[in-house]
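> Sequence below, structure please.
(2 chains)
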Amino acid sequence: MHGLINRAVQSFVCATYGRERWLRATEAAELGFAEFEAMLVYDREKSYRLLDVVCDQLNRSRDEFLEDLGTYLVSHPNMEGLRRLLRFGGVTYVEFLQSLDDLADRVKLAVSDLELPALELLERSPTEFELRCHPGLDGYANVMIGILRAMADDYGALVILRHAGQRGGVDVISMVLVESAFAEGRHFDLGARN
Amino acid sequence: MMDLDQLGRMLETLCPMFTLVDQDGRILQVGPTLQKLRPDQPLVGSEFLEIFELVRPRTVTTLPALMATAGTKLHLKLHDEPRTALKGLVAPLPDDAGAVINLSFGISILDAVRDYALTSADFSGTDLAIELLYLVEAKSAAMEASRSLNLRLQGAMLAAEEQAYTDTLTGLKNRRAMDHILEHLVSTKSTFALMHLDLDFFKAVNDELGHAAGDYVLSQAARIMLEETRSDDTVARIGGDEFVLIFKSLSSRAQLERIANRLIGRLQKPMVFEGETCAISASIGTALTSQFLSPKPAEILHAADLALYEAKRNGRSCHRFYSEEARAPE
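Sure, this is the predicted structure:
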């Protein structure tokens, strides 16, 4: 699994539960190291073993943990860079949702060996959407739920989201857009890169 | 036939950085994004060439010359600060009625979005500007991650190189380490003596008793050399059975002679490896920095080498100082 994904988990655990907790988990998972390198690729089995150990130690379900990870990736100040990259997807939340079809390709443009599963947005009505997460990365849909929720806050949109189960290996997230301009949302300045 | 107003409205949708100029070069209409570059100065009514300056082709300073560039890529700059660079293209209107001049940011877009607080809505839906900005940020982030990995790898490489200063068989310093130390001593103009020591009959031990015996002899010889030198002297194995010893701040020939003889004396004592007797000896050539006006590493090494050659020629198991006269006949 790509180091960036492992690094995201590491960053989330350290920022939310403390570095001690992270070190204990890497030890219990017998990784043989405590720091993931963002630009190296790791054995997938190792990453999932660590994930199980972390969830076990925190006494949380994997689904919940991954949803919180998704939220962290967008809303934590550590991750401002990532939030910005997602905001390039569109001016409104709906435009952002529509840009998810290209997410895997966009990611590849930036980091050529980072492969994310394909996403597909179906528009049932102007306010009802279905995001289909194709297989390839176990738990990706749960992370996406966290991301979609946090991005809704970021755009100031009010949405209701739920994991609508699996259909033929494809995870389905159903979304209802209650209001696209519910709150102010966070500012996005195109030129604010550092 | 479409009138200019209708044309202007179409252009506003398609090219938010267009200008429509009349036959005198006066701006009739301007796209909303272009106007955003000069929020306090209405561009409509101004002369195009008073607001924008042509950088390439530079000779264009009049309207007819500008019209003649139709279809070729123009490089422009705003006259006043901030002097954002722009690219442009002129498309003349029929019947010499003026022209549409479409402008865009080139690479200046990175500064422009900041300088003018542009948003996605300021770019046409078909413009790749937002994708470009996305890529710049994404690539910079990826590059930064790679850079920090490189820095850590570089640190690890330096640590590995540090280890590579050691001869793994004997634990002595190796040729690289010796070169390093020698270079340092010379550059700090230190006084020192350099011995080139060659084991005699080592090849015979290796050939007759095998490599294990040879390795044993080498490590015993290394131990002896370390025991006979001070802790801040350097003992390096620079080749199969060749060693260099560097004695810092030592210039007494008598003392060096004593050290050399002690070394030869001890190395001559037969060593026993798995019941077999290994008999070797050593020849040593010594050079002193005081023998040179401004010593260079290669010069000192060569001098010690010449002295070693003298020692060998004298029937081995002996020590010779480098003598300046001996160099002459060469």
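> Show me which residues of chain A sit near chain B.
For chain A, the residues in contact with chain B (CB under 8 Å from any CB of the partner chain) are A:4, A:37-40, A:81, A:84-85, A:88, A:90-91, A:106, A:109-111, A:188-193. All C-beta atoms are positioned from the backbone trio N, CA, C, and that covers glycine.
> Can you tell me which of those residues are buried?
Using 16 or more other CB atoms under 10 Å in any protein chain shown as the burial test, these include A:4, A:37-39, A:84-85, A:88, A:90, A:106, A:110-111, A:188, A:190-191 as buried.
> so can I have CSV of these showing pLDDT and distance to B:Asp215?
Below are those laid out as CSV (pLDDT from 0 to 100; distance: CB to CB, whole Å):
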residue, pLDDT, distance to B:Asp215
A:Leu4, 93, 48
A:Glu37, 91, 39
A:Ala38, 89, 45
A:Met39, 90, 42
A:Arg84, 91, 61
A:Leu85, 91, 59
A:Phe88, 89, 64
A:Gly90, 88, 70
A:Arg106, 91, 59
A:Ala110, 89, 53
A:Val111, 92, 49
A:Phe188, 84, 68
A:Leu190, 81, 68
A:Gly191, 79, 67
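> Of those, just say which sits nearest to A:Leu66.
When those are compared for distance to A:Leu66 (CB to CB), A:Leu4 wins out at 15.5 Å.
> Pull the contacting residues for that closest one.
Contacts here follow CB atoms under 8 Å, 6 or more residues apart in numbering or on different chains; on that basis A:Leu4 touches A:38-39, A:111, A:114, B:145.
> from the residues you listed, which single one is nearest B:Arg262?
Of all those, A:Met39 has the smallest distance to B:Arg262: 56.0 Å, by CB to CB.
> Now do the same for the closest one: helix, strand or coil?
Three-state call for A:Met39 (DSSP: H, G, I helix; E, B strand; the rest coil): coil.
> quick one, domains of the chain?
Unless you meant another one, I'm taking chain A. A:3-60, A:92-179 (automatic domain parsing).
> actually chain B
Split by automatic domain parsing, chain B gives B:4-120, B:128-163, B:175-327.
> Let me have these in CSV, extended by mean neighbour count.
Formatted as CSV, the domains of chain B follow (neighbours: other CB atoms under 10 Å in any protein chain shown):
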stretch, mean neighbour count
domain B:4-120, 16
domain B:128-163, 14
domain B:175-327, 17
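> Can you name the residues of chain B sitting close to chain A?
Residues of chain B lying near chain A by CB under 8 Å from any CB: B:110-115, B:117-121, B:130-131, B:133-142, B:145-146, B:148-149, B:152.
> all strands of chain A, in order?
For chain A, applying DSSP state E gives strands covering A:119-125, A:128-133, A:158-167, A:170-179.
> tell me which residues in the last one are buried?
Spelled out, it's strand A:170-179. By neighbour count on 16+ other CB under 10 Å, the buried set for strand A:170-179 is A:171-175, A:177.
> for the second one, same thing?
In terms of neighbour count (16+ other CB under 10 Å), strand A:128-133 has its buried residues at A:129, A:131-133.
> Looking at these, which is nearest B:Leu93?
A:Phe129 (45.5 Å).
> was I right about that closest one contacting A:Asp101?
No: between A:Phe129 and A:Asp101 there is no contact under CB atoms under 8 Å: 11.8 Å.
> what touches both of those two?
A:Leu121.
> just for the chain, where's the confidence low?
Using chain A here. Where chain A drops to pLDDT under 70, the residues are A:193-194.
> Correction: the question concerned chain B.
B:1, B:162, B:325-330.
> In it, what residue spans correspond to helices?
Listed from the start of the chain, chain B has helices (DSSP state H) covering B:4-14, B:32-36, B:48-51, B:63-67, B:109-115, B:129-163, B:175-187, B:202-209, B:211-227, B:253-268, B:297-313, B:324-327.
> now the angle from the longest one to helix B:175-187?
Same thing as helix B:129-163. Angle, helix B:129-163 to helix B:175-187, by axes from the mean of the first three to the mean of the last three CA atoms, to 10 degrees: 90 degrees.
> Report all helices and strands that helix B:129-163 contacts.
helix A:80-87, helix A:103-110, helix B:109-115 (3 or more CB pairs under 8 Å, 6 or more residues apart in numbering or on different chains; DSSP states H and E).
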